[in-house]
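Engineer: with the input below, show me the fold.
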Amino acid sequence: MTLDEINLGTCPVDRGLMRVGDRWSMLVLRDIERGLTRYEQLRTSLGIAPNILSRRLSALVEAGLIAKNRYSEHPPRDEYLLTDAGRDFLPILMAIGAWGRKYNGAGALSRHRDAATGEIVRPVVVDANTGAPIGSRPLRLEYPD
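Structural biologist: Numbers count the residues shown, from 1 in each chain. As a prediction, this is how the structure comes out:
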């Protein structure tokens, strides 16, 4: 059964999580963004079992978050690249990282630094219409008719 065949209901959070998957999938996306695009690089970085990594990569390709690109025919070898959907997920990963740093931040933690300004990046999720940070104003959930 493909993701498109599953009845995901009206909740966009549920639909998004069905495509992204779990912790391992998010860490795979993080590492691909960091330039670790080959299977062995990902396996080494994550310390993940090969069967789990293979399943996560296949699921992320099927979900349209990454694409396989053959870089060697003999032996056959693929690399994994972010698609537009995968790149659009990066701000979500950064927001999760900011939340993790705030509430589980003991010890040394990695961080992003703006290459142009040298400033540490402090991700904030805002409403594009008002510029207000999400969580700072009351919201109302609407359901489709």
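Engineer: which parts of this structure are strands?
Structural biologist: Ranges of strands in the chain, per DSSP state E, are 66-72, 77-82.
Engineer: tell me which of these sits most buried.
Structural biologist: Mean neighbour count, computed with mean count of other C-beta atoms under 10 Å, is highest for strand 77-82 among the strands of the chain, reaching a mean of 17. The way it works is simple: take the backbone N, C-alpha and C, and place the C-beta from them, glycine included.
Engineer: okay if I get the strands of the chain as CSV plus distance to Gly107 and mean pLDDT?
Structural biologist: Output for the strands of the chain, formatted as CSV (distance: least, C-beta to C-beta, whole Å; pLDDT from 0 to 100):
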stretch, distance to Gly107, mean pLDDT
strand 66-72, 30, 96
strand 77-82, 29, 96
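Engineer: tabulate these (TSV), appending distance to Ala98.
Structural biologist: Listed next are the strands of the chain as TSV, based on distance: least, C-beta to C-beta, whole Å:
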stretch	distance to Ala98
strand 66-72	23
strand 77-82	20
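Engineer: what lies in contact with stretch 67-85?
Structural biologist: 19, 28-29, 32-33, 37-39, 42, 57, 60-61, 63-66, 90 (C-beta atoms under 8 Å, 6 or more residues apart in numbering).
Engineer: mark which of these are part of helices, please.
Structural biologist: 19, 28-29, 32-33, 39, 42, 57, 60-61, 90 (DSSP state H).
Engineer: among the residues you listed, who's most crowded?
Structural biologist: Leu60 (28 neighbours; other C-beta atoms under 10 Å).
Engineer: okay, buried residues for the lowest-mean-pLDDT helix or strand in the chain please.
Structural biologist: Here the helix or strand of the chain ranked lowest by mean pLDDT, DSSP states H and E is helix 12-20, holding a mean of 88. Neighbour-count burial for helix 12-20 flags 19-20 (criterion: 16 or more other C-beta atoms under 10 Å).
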